[in-house]
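A.B. asks: predicted coordinates and the sequence they were generated for:
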There are 2 protein chains.
Amino acid sequence: MPAPRSRSSAAERAIRAAGERLTAPRAAVLETLLAARQALTHHEIEQALATRLAVDRVTVYRVLDWLVSLGLAHRLAGEDRTWRFLATHGEAHAAHAHFMCSRCGRTVCLDEVAVPPAVKVPRGFEPSHVELNVKGVCATCR
Amino acid sequence: MPAPRSRSSAAERAIRAAGERLTAPRAAVLETLLAARQALTHHEIEQALATRLAVDRVTVYRVLDWLVSLGLAHRLAGEDRTWRFLATHGEAHAAHAHFMCSRCGRTVCLDEVAVPPAVKVPRGFEPSHVELNVKGVCATCR
DNA sequence: GCCTCAGATGCAATTGGGTTGCGCGCGTGG
DNA sequence: CCACGCGCGCAACCCAATTGCATCTGAGGC
């Protein structure tokens, strides 16, 4: 049960809780990610921000890197060779599946699909996490 | 039981069998892929070719695209936003897992890991194939 | 409330993987 | 051996992402 719209947004609270400096670009980017129902490209984030706050392209990149390093966001490499970002909604979802549309690049989480928690890898290799990606065509592209 | 080095290489035979024009760059690229024990970047392929045949950068890209469209090769998007290619050794391996090193990008097949053949996706979505990628650090990078 | 400064931002230039356009060359079928 | 259409090489281009640097600012200390 989220508090009935406190003065500080969930994004701001998360940044404060992490003991990091709270700035307008950071809050805006994280809010955008938290509100998204699918993985967003850098470009999509920039567009979403445009209506509320002018943020430099480079700053968006840096904020995203920073969110990833803090564990507040995920970075996904898509088929179109662009990064897509996803907020980690508190859940430390170690592993979860994604659906990636080969036509439009749209990427959504598949929470119902189980991802093998551990896999057998060659001697000396050290796995950090497992990604299960389903490629195909999304509903709107069909 | 491969034939004891016939006049035509496996690559040449595969191209002929596909009813496609056989050219030096095509044979050389496919031979390189078939000999590789891991996924190769465009750059790695170019380097491997350099010792035996001068092939233009663009030609390598086009040959690779062509191999993929013929189903003779796979294309993988890596974390470093570069394509990596893998020969499909005859096996129509619909789904198989890969290990990707976050440090050097090295990508190898994990034949022992089972990939779920079918997954549940949202209504209207049409999955074509499933990719299971294990991210981590490889033996040489540790 | 004001000062300070490490760290965040904005701007411009750069990198690098990948792609495209086009004329020439060559593999293949006749 | 010839003709033709596809594949090749060259050069220019595209664009996501990165880097360098000067300026600005959030947040703790006074």
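C.D. replies: Perfect, I can see it now.
A.B. asks: so for residue A:8, what's the pLDDT?
C.D. replies: Per-residue pLDDT puts residue A:8 at 78.
A.B. asks: excluding chain neighbours, what is closest to it?
C.D. replies: residue A:16 (7.5 Å; C-beta to C-beta, 6 or more residues apart in numbering or on different chains). Bear in mind the C-beta positions are built from the backbone N, C-alpha and C, glycine included.
A.B. asks: residue A:23 is in contact with the one you found, correct?
C.D. replies: No. Using C-beta atoms under 8 Å, residue A:16 is not in contact with residue A:23, being 11.8 Å away.
A.B. asks: per-residue pLDDT, the residue nearest the centre of chain A?
C.D. replies: The residue lying closest to the centre of chain A (C-alpha atoms, centre = their mean) is residue A:86, at 1.1 Å. Per-residue confidence (pLDDT) for residue A:86: 95.
A.B. asks: which SS class is it?
C.D. replies: strand (DSSP: H, G, I helix; E, B strand; the rest coil).
A.B. asks: tell me how far it lies from residue A:74.
C.D. replies: Separation of residue A:86 from residue A:74 (C-beta to C-beta, to the nearest Å) stands at 4 Å.
A.B. asks: report pLDDT for residue A:54.
C.D. replies: 93.
A.B. asks: near it, how many other residues are there?
C.D. replies: 9 (other C-beta atoms under 10 Å in any protein chain shown).
A.B. asks: and residue A:50, by the same measure?
C.D. replies: Residues near residue A:50, counting by other C-beta under 10 Å: 10.
A.B. asks: chain center to stretch A:63-78, what's the gap?
C.D. replies: Centroid displacement of stretch A:63-78 relative to its chain, using C-alpha atoms, centre = their mean, to the nearest Å, is 6 Å.
A.B. asks: from the contact counts, what lies against the longest strand along chain A?
C.D. replies: Longest among the strand segments of chain A by residue count, using DSSP state E, is strand A:126-137. Applying 3 or more C-beta pairs under 8 Å, 6 or more residues apart in numbering or on different chains; DSSP states H and E, one finds that strand A:126-137 makes contact with strand A:97-101, strand B:126-137.
A.B. asks: buried deepest among those, which one?
C.D. replies: strand A:97-101 (a mean of 23; mean count of other C-beta atoms under 10 Å in any protein chain shown).
A.B. asks: next helix or strand past it?
C.D. replies: As assigned by DSSP states H and E, the chain's next helix or strand after strand A:97-101 is strand A:107-110.
A.B. asks: what's in contact with that following strand?
C.D. replies: Here strand A:107-110 makes contact (C-beta atoms under 8 Å, 6 or more residues apart in numbering or on different chains) with A:37-39, A:76, A:78, A:84, A:86, A:96-101, A:134, A:138, B:119-122.
A.B. asks: one more time with 6 Å
C.D. replies: Outside of strand A:107-110, the residues within contact range by C-beta atoms under 6 Å, 6 or more residues apart in numbering or on different chains are A:38-39, A:84, A:96-100.
A.B. asks: repeat that for stretch A:19-39.
C.D. replies: A:9, A:11-12, A:15, A:45, A:48-49, A:53, A:55, A:59, A:63, A:73, A:76, A:84, A:86-87, A:107-108.
A.B. asks: okay, and which of these map to strands?
C.D. replies: A:73, A:76, A:84, A:86-87, A:107-108.
A.B. asks: show me the contacts for residue A:79.
C.D. replies: residue B:77.
A.B. asks: okay, it: pLDDT?
C.D. replies: Taking residue A:79 on its own, its pLDDT is 90.
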